[in-house]
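**Q** Provided below are the primary sequence and the corresponding predicted coordinates.
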Amino acid sequence: MQFAAKFPLGQLAATPGALEAMEASGQTAEFFFARHASGDYGEINEEDQQLNDEALIHGDRILSAYRTLKGVKLWIITEAADDNGHRAATTILLPDEY
């Protein structure tokens with residue numbers, strides 16, 4: 001499955017808990033990064049969806065939430081580096097690691 005990126009991700013990172021959850025489900029960080037960058041934000045509410053859409057214009061933080069095949073919830077957060085849409089870093093983490 002191919003995804004077209006809507007924004008740059010910057011430096012990529014994953015926490016130990018997220019790496020463990022993805023490994024247990026046989027999924028890769030690349031899969032979740034690609035969904036996130038394509039604008040498929042997963043299991044977020046309408047308000048967060050709207051904030052993400054605005055962030056594409058204003059360069060703010062972007063949040064996605066997914067579940068692994070084993071049902072473990074993951075967050076992906078892309079932090080803004082500046083107001084020009086440049087992104088500092090994108091991290092996959094478990095919600096309790098935030």
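**A** Sure thing, it's come through.
**Q** what about Ala81, how many residues nearby?
**A** Look at Ala81: counted by other Cβ atoms under 10 Å, it has 15 neighbours. Yep, even glycine has a C-beta here, placed from its N, CA and C like the rest.
**Q** OK, contacts around the nearest residue to Thr28 once chain neighbours are set aside?
**A** In this structure, Thr28 finds its nearest non-sequential neighbour in Met22, 6.5 Å apart by Cβ to Cβ, 6 or more residues apart in numbering. By Cβ atoms under 8 Å, 6 or more residues apart in numbering, Met22 lies in contact with Ala14, Thr28, Ala29, Phe32, Thr68, Leu74, Ile92.
**Q** what's the first helix or strand after the helix or strand in which Met22 is found?
**A** Element membership for Met22 (DSSP states H and E) is helix 16-25. Counting by DSSP H and E, the next helix or strand C-terminal to helix 16-25 is helix 29-37.
**Q** list the buried ones in that following helix?
**A** Ala29, Phe32, Phe33, Ala34, Arg35, His36, Ala37 (16 or more other Cβ atoms under 10 Å).
**Q** is it true that Gly39 touches Gln49?
**A** No: contact criterion Cβ atoms under 8 Å: Gly39 and Gln49 do not qualify, at 9.6 Å.
**Q** okay, those two: which has more neighbours?
**A** The neighbour count for Gly39 versus Gln49, taken as other Cβ under 10 Å, is higher for Gly39 (17 against 14).
**Q** on that earlier part again, for the residue nearest to Thr28, give its distance to Ser38.
**A** To Ser38, Met22 is 18 Å away according to Cβ to Cβ, to the nearest Å.
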